[in-house]
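**Student:** sequence and predicted structure are below.
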Number of protein chains: 2
Amino acid sequence: MIDPALFQENERTAPTTDERKFVDVGSLDCECGKTIESVTIAYETWGQLNEDRSNAILVCHALSGDAHAIGWWDRLIGPGKAIDTDLYFVIGSNVIGGCQGSTGPASLAPDGKPYGSRFPMVTVGDMVEAQSRLLDHLGIEQLLCVAGGSMGGMQGLEWTSRFPHRVRKAFITASCARHSPMQIAINEVGRQAIMRDPNYNGGDYYDGETPSHGLSVARMVEHISFLSGEAFESKFSRRLQDKETFDMHFGIEFEVESYLSYQGDKFTKRFDANSLMYLTRAIDYYDWPGVSGVQAEFLFTSFVSDWLYTPAQSKELFELASGAGLTATYVNIDLPYGHDAFLLDAQFQAPLVREFLSG
Amino acid sequence: MIDPALFQENERTAPTTDERKFVDVGSLDCECGKTIESVTIAYETWGQLNEDRSNAILVCHALSGDAHAIGWWDRLIGPGKAIDTDLYFVIGSNVIGGCQGSTGPASLAPDGKPYGSRFPMVTVGDMVEAQSRLLDHLGIEQLLCVAGGSMGGMQGLEWTSRFPHRVRKAFITASCARHSPMQIAINEVGRQAIMRDPNYNGGDYYDGETPSHGLSVARMVEHISFLSGEAFESKFSRRLQDKETFDMHFGIEFEVESYLSYQGDKFTKRFDANSLMYLTRAIDYYDWPGVSGVQAEFLFTSFVSDWLYTPAQSKELFELASGAGLTATYVNIDLPYGHDAFLLDAQFQAPLVREFLSG
């Protein structure tokens, strides 16, 4: 059932060259009532926009993703792949609140200092509002498709209800209409780990040490939630880390411990703790307003072994959409990789997505 | 399916009066090769030892438990209950490495200072070795039964293989022969949260601030692992904490967040971070040597919704025991409370245990 070759590969590589473009989309009145004076969106595109501008696909990233969708979703995006850059004009953009080029808490406020704790509590709606201005900038009135998994799926859902006329299709994988209390709990433990790091300083730490230990622990918790028990067993079992017997200490003994520390500490090199705070809060708040007015055609996928974004949550989305008379497909895919599966799987998703886009 | 009355009650109360007794069981050569010069065991007993000393039941506690078994397992232990203190002589004792009266890292070493990081890495085998000396002290050669859940179940298993002639029966609930990598991962994140707290100081913090933030985060992670998704939904859903709308900040918004912070911070008042470090390490190391030489009769129970100590792990124990020709019963109980169920359930476990003990 587990394909080890596939499985060991699930570290998406960073772009070797930075292909990002940046656009200033003006000031944004956030749903919380505050205003960001000047919003920059970092984005990348692949393929060519056709003459009637009808082949654009917006790819929305998950919590730790970025604009480089062809990197983290390379199983699905590229020349000849399901999201075929020979056929479609594919757009990846970094969400606001993030830390990969779009305006976020580490960005400079009008006073020339980082926002830090002054950054507004952005919502999934705010992220999508900002993305819509990127589309305006690119001259795209209507998307052929919005696609995303996890937090990216929430943005996709929001697109269908906030801008019904701008979305023909939505591919939503491993996502949900709203977080369960267990999902909120997992995010909250991560936030608590950060907030209880003495370097956090209420979010204003940019002129000093960063709360890297808190961020690292938060990321470890996330990594546990991304895998299934079967995936843990397959990847690590009870193997020891470069030793035959226990050293009987609190350092690394098991391989799985090495994995967690490596993932946690690596994350602190590329991600801002405040962005984790803001983005997890945004998705915990999110509650899809539902299908009223929605016109999109849907493809939903979920994974049997995903206990974070459960199949029941995707099934609920499908039932809402099809119950309202919208064209919708739902496939629950039996792969053992846990939540990570939405990034790893092309075997099942690629043919589904290819047919969905061409239909 | 969920009984809310039962469910809200799962905060076991502390003893109002301290009934603990203490016995010095001498020096202990630990499996790691180090020696604890003088080991104290804190214990309580209920009921009367009969004339031929054949009615003793040792109850082994889980990670955060203590000698007061009649408190944390009051659904099963007491006059007229399944583990009937009118019929049996019931013994609860605190494990070594803990912090509820038995010798642990916060205890004073021979030099008059707390052990801290000097405390040996005790194992489940060491815990059981120390318990056997408590039985010697009480004049009990053979137990009618050893009973325990989770870490307590691991001690029970160790009893059956380390002292085959001293155990007639073993009731093992929500436990396993060895931790899966996912169980190790959850424990390791807790340890990392503690070790990355600046107050941890390598475990030597008794003359200063304690690593309470790290310990609190570790406990929050554990609480997530103790509940099922259904239990989270039933207890909290997405209800807000004393408010109608979001405050849009990083303070408490959802009830589940309040629960986690409350549980985490409350735990720091009664538990020592070093004990969490040592005890989680001990159970991560543990690997039951198996049924060779074992003579006990077994009752295994597990819970369908327990994703921490999974039914598959209990089933494996049952198959090992019955495969070796030992008398064994296994019941997988369909209750939605997650791992906590082993503490909460009397409906199914009480009749099983009653019959098991009287048979």
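**Tutor:** Sure thing, it's come through.
**Student:** how much space separates the residue of chain A most remote from its centre from residue A:257?
**Tutor:** Farthest-out residue of chain A from its mean C-alpha position, per CA atoms, centre = their mean: residue A:245, at 39.3 Å. Computed as CB to CB, to the nearest Å, the residue A:245 to residue A:257 distance reads 15 Å. For the C-beta atoms, the positions are set from N, CA and C on the backbone; glycine is no exception.
**Student:** try residue A:274
**Tutor:** On the measure of CB to CB, residue A:274 and residue A:257 end up 27 Å apart.
**Student:** again with residue A:161
**Tutor:** In terms of CB to CB, residue A:161 sits 43 Å off from residue A:257.
**Student:** same question for residue A:273.
**Tutor:** 22 Å.
**Student:** those two: who's more crowded?
**Tutor:** residue A:273 (31 against 25; other CB atoms under 10 Å in any protein chain shown).
**Student:** show the pLDDT at that one.
**Tutor:** For residue A:273, the model assigns a pLDDT of 98.
**Student:** that one is in contact with residue A:216, isn't it?
**Tutor:** No - with contacts counted by CB atoms under 8 Å, residue A:273 stays clear of residue A:216, the gap being 9.5 Å.
**Student:** ok, which residues in the stretch 201-350 of chain A are in contact with chain B?
**Tutor:** The stretch 201-350 of chain A has residues A:203, A:213-214, A:216-217, A:220-221, A:223-224, A:227, A:229, A:232-233, A:235-238, A:246, A:248-250, A:253-257, A:260-261, A:264, A:277, A:281, A:284-285, A:287, A:307, A:310 near chain B, with proximity defined as CB under 8 Å from any CB of the partner chain.
**Student:** which element, helix or strand, includes the nearest residue to residue A:81 once chain neighbours are set aside?
**Tutor:** Nearest residue to residue A:81, sequence neighbours excluded (CB to CB, 6 or more residues apart in numbering or on different chains): residue A:350, at 6.8 Å. Assigned by DSSP states H and E, residue A:350 falls within helix A:349-358.
**Student:** let me know the average pLDDT across that helix.
**Tutor:** Mean predicted lDDT for helix A:349-358 stands at 98.
**Student:** ok, and for it, which residues are buried?
**Tutor:** By neighbour count with 16 or more other CB atoms under 10 Å in any protein chain shown, helix A:349-358 contains the buried residues A:349, A:352-354, A:356-357.
**Student:** hmm, who's touching that helix?
**Tutor:** By CB atoms under 8 Å, 6 or more residues apart in numbering or on different chains, the surrounding residues in contact with helix A:349-358 are A:57, A:75-76, A:81-84, A:88, A:144-145, A:147, A:169, A:171, A:173, A:297, A:299, A:301, A:329, A:331, A:333, A:342.
**Student:** among the residues you listed, which ones are in helices?
**Tutor:** Members of the contacts of helix A:349-358 lying in helices (criterion: DSSP state H): residue A:342.
**Student:** before we move on, back to that, tell me the two of the buried residues of helix A:349-358 that are most distant?
**Tutor:** A:349 and A:357 (11.8 Å; CB to CB).
**Student:** what packs against the one helix or strand residue A:22 maps to?
**Tutor:** Here residue A:22, judged by DSSP H and E, is contained in strand A:21-24. Where contact means 3 or more CB pairs under 8 Å, 6 or more residues apart in numbering or on different chains; DSSP states H and E, strand A:21-24 is packed against strand A:40-46.
**Student:** distance from the strand it packs on to the middle of the chain?
**Tutor:** Mean-position distance between strand A:40-46 and its chain equals 15 Å (CA atoms, centre = their mean, to the nearest Å).
**Student:** adjacent strands (with direction) for that strand?
**Tutor:** strand A:21-24 (antiparallel), strand A:89-93 (antiparallel) (DSSP bridges).
**Student:** mind checking how far the shortest one is from the chain centre?
**Tutor:** When C-alpha coordinates are averaged (CA atoms, centre = their mean), strand A:21-24 and its chain have centres 20 Å apart.
**Student:** list the buried residues for it?
**Tutor:** A:21, A:23.
**Student:** for stretch A:298-309, same thing?
**Tutor:** Here stretch A:298-309 shows A:298-303, A:305-309 as buried, counting by 16+ other CB under 10 Å.
**Student:** among those, which are in strands?
**Tutor:** The members of these that map onto strands under DSSP state E are A:298-303.
**Student:** what about stretch A:222-235, how long is it end to end?
**Tutor:** 17 Å (CA to CA, to the nearest Å).
**Student:** oops, could you answer that again for stretch A:22-38 instead?
**Tutor:** Stretch A:22-38 end-to-end distance (CA to CA) = 13 Å.
**Student:** who's in contact with it?
**Tutor:** With CB under 8 Å, 6+ apart as the criterion, stretch A:22-38 contacts A:39-43, A:96, A:101, A:103, A:109-110, A:119-123, A:125-126, A:129-130, A:133-134, A:136-137, B:248.
**Student:** mind redoing it with 7 Å?
**Tutor:** A:39-42, A:101, A:103, A:110, A:120-123, A:125-126, A:129-130, A:133-134, A:137, B:248 (CB atoms under 7 Å, 6 or more residues apart in numbering or on different chains).
**Student:** mind checking which of the residues you listed are in helices?
**Tutor:** A:125-126, A:129-130, A:133-134, A:137.
**Student:** just among those, which is most surrounded?
**Tutor:** residue A:130 (25 neighbours).
**Student:** who's in contact with it?
**Tutor:** By CB under 7 Å, 6+ apart, the neighbours of residue A:130 are A:25, A:28, A:39, A:41, A:96.
**Student:** ok, now which ones touch the last one?
**Tutor:** The neighbours of residue A:96, taking CB under 7 Å, 6+ apart as the test, are A:39, A:102-104, A:122, A:126-127, A:130.
**Student:** same check, this time on the third one
**Tutor:** Applying CB under 7 Å, 6+ apart, one finds that residue A:39 lies in contact with A:25-28, A:96, A:103, A:130.
**Student:** low-confidence regions, chain A specifically.
**Tutor:** A:1-17 (pLDDT under 70).
**Student:** tell me the centre residue of it?
**Tutor:** Central residue of chain A (CA atoms, centre = their mean): residue A:62, at 0.3 Å.
**Student:** look up the closest residue to that one, ignoring the ones flanking it.
**Tutor:** Per CB to CB, 6+ apart, closest to residue A:62 is residue A:150, 3.9 Å.
**Student:** what do you get for residue A:42?
**Tutor:** Per CB to CB, 6+ apart, closest to residue A:42 is residue A:101, 2.6 Å.
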